[in-house]
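Peer 1: Show me how the following folds:
(one chain, ligands or ions: 1)
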Amino acid sequence: HLQVYLRVRPFTTAERTERTEQCISIETPDTVILKAPRASLTARHSERFGSQLAQRFQFSQVYGPETTQRDIFDGTTKSLVKEVLDGGNSLIFTYGVTNAGKTFTFFGPDSDGGVLPRSLNVIFNSIEGRNYSQNNIKPHRCVDFIRLTKEQQDEEATNKRNLLRRFKDVNYFYIYFLFF
Ligand SMILES: Nc1ncnc2c1ncn2[C@@H]1O[C@H](COP(=O)(O)OP(=O)(O)OP(=O)(O)O)[C@@H](O)[C@H]1O
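Peer 2: I've put the predicted structure just below:
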């Protein structure tokens, strides 16, 4: 079942003027009305031809500028993560013009994470007792997995050891660098 949400981010100080504030209004919890700025080509064009200036758009829910990261997560994503933990599949993606707030909504600043870190928190807090302790399974093409033979498991273990050793060297380098 498809849900389409709209998040309206706050105006920045530079953007906020009487004119821009009139461009968007949240009419009901699931409807917004957009008006083209008076000086824009769209507005001038539509006045000339006498067509409707304001347009109404409907969503499953509209989240206004005062909405917190937690509100967004609780209202849009949390139930999907719970479904995934019960074996279901879910997809969530953001769509919008540049500067609309997609990255902010998805990742968020470190101090106030977006839907991705919040989802991972729920997942990692819920898998205790459910994680697979053996290392004989490897993901294959996103939707499948392969069961490794003993030789393949040894090869994977060697690769992992080599990789971690390389990271350790890098860390030593930074510690050395900071120290002097
Ligand atoms: N809900 C919000 N509250 C406060 N600031 C926000 C909010 N949403 C976005 N911003 C700020 O607005 C700016 C643009 O947001 P962001 O980078 O997330 O846009 P974007 O849609 O990912 O843009 P692009 O497509 O260009 O990557 C950033 O400075 C971000 O911190």
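
Peer 1: Show residues contacting the worst-scoring helix or strand of the chain on mean pLDDT.
Peer 2: Using mean pLDDT, DSSP states H and E, the weakest-scoring helix or strand in the chain turns out to be helix 41-48, at a mean of 74. If you take C-beta atoms under 8 Å, 6 or more residues apart in numbering as the criterion, helix 41-48 is touched by K35, A36, P37, Q52, L53. For the C-beta atoms, the positions are set from N, CA and C on the backbone; glycine is no exception.

Peer 1: Repeat the analysis, applying 10 Å as the threshold.
Peer 2: Residues outside helix 41-48 that contact it (C-beta atoms under 10 Å, 6 or more residues apart in numbering) are C23, K35, A36, P37, R38, S40, S51, Q52, L53, A54.

Peer 1: Could you check how far the fourth one is from F124?
Peer 2: Going from P37 to F124 by C-beta to C-beta, to the nearest Å gives 45 Å.

Peer 1: Would you agree V81 is in contact with S90?
Peer 2: Yes. At 7.5 Å, V81 and S90 qualify as touching, with contact defined as C-beta atoms under 10 Å.

Peer 1: Please say which of these two ends up with more neighbours.
Peer 2: Set V81 next to S90 and count neighbours by other C-beta atoms under 10 Å: V81 wins out with 21 against 12.

Peer 1: and that one, what element?
Peer 2: Using DSSP states H and E, V81 maps to helix 78-85.

Peer 1: packing partners for that helix?
Peer 2: helix 115-126 (3 or more C-beta pairs under 10 Å, 6 or more residues apart in numbering; DSSP states H and E).

Peer 1: so where is the protein shaky, pLDDT-wise?
Peer 2: 47-52, 169-180 (pLDDT under 70).

Peer 1: any idea how it splits into domains?
Peer 2: 1-66, 68-131, 137-179 (automatic domain parsing).

Peer 1: any chance of those domains in JSON lines, plus distance to the ligand?
Peer 2: Shown next, in JSON lines, are these (distance: least, C-beta to the nearest ligand atom, whole Å):
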{"stretch": "domain 1-66", "distance to the ligand": "4"}
{"stretch": "domain 68-131", "distance to the ligand": "3"}
{"stretch": "domain 137-179", "distance to the ligand": "24"}
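
Peer 1: sorry, back to before: helix or strand right after the helix holding V81?
Peer 2: Helix 78-85 is succeeded, C-terminally, by helix 102-106 (DSSP H and E).

Peer 1: which parts of that following helix are buried?
Peer 2: Residues K102, F104, T105, F106 are the ones in helix 102-106 that count as buried (16 or more other C-beta atoms under 10 Å).
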